[in-house]
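**Q** quick one, structure for this:
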Amino acid sequence: EDLAQWREIQLGRAAEFATSQRVAGELILEVQVPGIARKTQRVKIHGSAGFLSPALDASIRPVLRDKAKAKDFLGPFLSAIVLAAAEQTTAQTFRAIVLCSKGEESSHPTKSLACPSREHAREYLAALVSDLLFEKNHYFLPIEAVEAGFNAIAKGKSIDPIDLIDEIRDNDFKSCASDFGPIRDARRFEPPNAKALKHILERRFGIMHTLFGKAES
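**A** Modelled structure (predicted):
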């Protein structure tokens, strides 16, 4: 009811025109370099963590749509993991609240993430950064296909996840999150093979499986 105590939180340096009201130190990770024993790369994570509650256990994200999508909760969930890794929050549960508004329609669906420990959060982020820096990422895997796959599994349906990806990839009349960056014309890439896809889903989305499925409100 009262957002007066909510704040824009920033870790380390941010964009030139950032208006963060609370600044924490940047997050430093030691990332393992694949294929080289005992070789690590120091990585610094900085930027805005979003608009957060005083206890740093909830985040608000506004969208100009009448319904929330899985991608709307992804940023807040990642911010929660970063805050846990940086020891900025000790919350057991983090709520991502998406404020939807279009015309006369408005809603505020919420999804919750079980906050990982500092160690688990750092391991997850280090693995994610390692994938982005050192692995081959020339494949098409939109979050809409991931959501469809998780929802089908939750309903006990037998599906081929590659078919779900191809269905989105070949549909020129329906957009997906991958159409808007960060890679231009992402549909030109093929889906990952079945083995790589299983690895990606477990490694990146296992910790945030509540990203998919029905919202709490």
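**Q** give me the most central residue, the chain.
**A** Geometric centre of the chain, nearest residue: residue 74, 3.1 Å, by CA atoms, centre = their mean.
**Q** just give the nearest non-adjacent residue to that one, would you?
**A** Leaving aside its sequence neighbours, residue 74 sits nearest to residue 211 (CB to CB, 6 or more residues apart in numbering; 6.3 Å). Using the backbone N, CA and C atoms, a C-beta is placed for each residue, glycine as well.
**Q** who's in contact with the one you found?
**A** Residues in contact with residue 211 (CB atoms under 8 Å, 6 or more residues apart in numbering) are 70, 73, 74, 77, 111, 113, 147, 205.
**Q** hmm, which helix or strand of this protein has the shakiest average pLDDT?
**A** Of all helical and strand segments in the chain, the minimum by mean pLDDT, DSSP states H and E falls on strand 22-24, at a mean of 70.
**Q** what lines up beside the top strand by length along the chain in the sheet?
**A** Secondary structure assigned by DSSP state E gives strand 93-102 as the longest strand of the chain. Sheet pairing for strand 93-102, assigned by DSSP bridges, gives strand 58-63 (parallel), strand 105-107 (antiparallel), strand 110-114 (antiparallel).
**Q** just among the contacts of residue 211, which is most surrounded?
**A** residue 73 (26 neighbours; other CB atoms under 10 Å).
**Q** what pLDDT does the model give that residue?
**A** Residue 73 carries a pLDDT score of 96 in this model.
**Q** how much space separates it from residue 207?
**A** As judged by CB to CB, to the nearest Å, residue 73 and residue 207 stand 13 Å apart.
**Q** so which bits of stretch 113-127 are buried?
**A** By 16 or more other CB atoms under 10 Å, the buried positions in stretch 113-127 come out as 113, 115, 116, 121, 122, 124, 125, 126.
**Q** now do the helices in this protein.
**A** All helices of the chain, identified by DSSP state H, fall at 70-85, 118-134, 143-154, 161-169, 194-200.
**Q** counting by contacts, list what the fourth one packs against.
**A** Counting by 3 or more CB pairs under 8 Å, 6 or more residues apart in numbering; DSSP states H and E, the packing neighbours recorded for helix 161-169 are helix 143-154, helix 194-200.
**Q** contact partners of the longest one?
**A** Surrounding helix 143-154, the residues in contact under the criterion CB under 8 Å, 6+ apart are 69-71, 74, 159, 161, 164-165, 167-168, 176-178, 201, 205, 209, 211-213.
**Q** can you check what angle separates that helix from helix 70-85?
**A** 90 degrees (axes from the mean of the first three to the mean of the last three CA atoms, to 10 degrees).
**Q** what angle sits between helix 143-154 and helix 161-169?
**A** For helix 143-154 against helix 161-169, the angle by the same axes, to 10 degrees is 140 degrees.
**Q** output helix 143-154 as PDB, nothing but the C-alphas.
**A** This file holds the C-alpha atoms of helix 143-154, laid out as PDB (Å, rounded to 0.1, in the frame of the first residue of the first chain):
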ATOM      1  CA  ILE A 143      12.200 -18.600 -23.000                       C
ATOM      2  CA  GLU A 144       8.700 -19.200 -24.400                       C
ATOM      3  CA  ALA A 145       9.800 -22.700 -25.500                       C
ATOM      4  CA  VAL A 146      11.300 -23.400 -22.100                       C
ATOM      5  CA  GLU A 147       8.100 -22.300 -20.500                       C
ATOM      6  CA  ALA A 148       6.000 -24.600 -22.800                       C
ATOM      7  CA  GLY A 149       8.300 -27.500 -22.000                       C
ATOM      8  CA  PHE A 150       8.100 -27.100 -18.200                       C
ATOM      9  CA  ASN A 151       4.400 -26.600 -18.300                       C
ATOM     10  CA  ALA A 152       3.900 -29.800 -20.400                       C
ATOM     11  CA  ILE A 153       6.100 -31.800 -18.100                       C
ATOM     12  CA  ALA A 154       4.100 -30.500 -15.100                       C
END
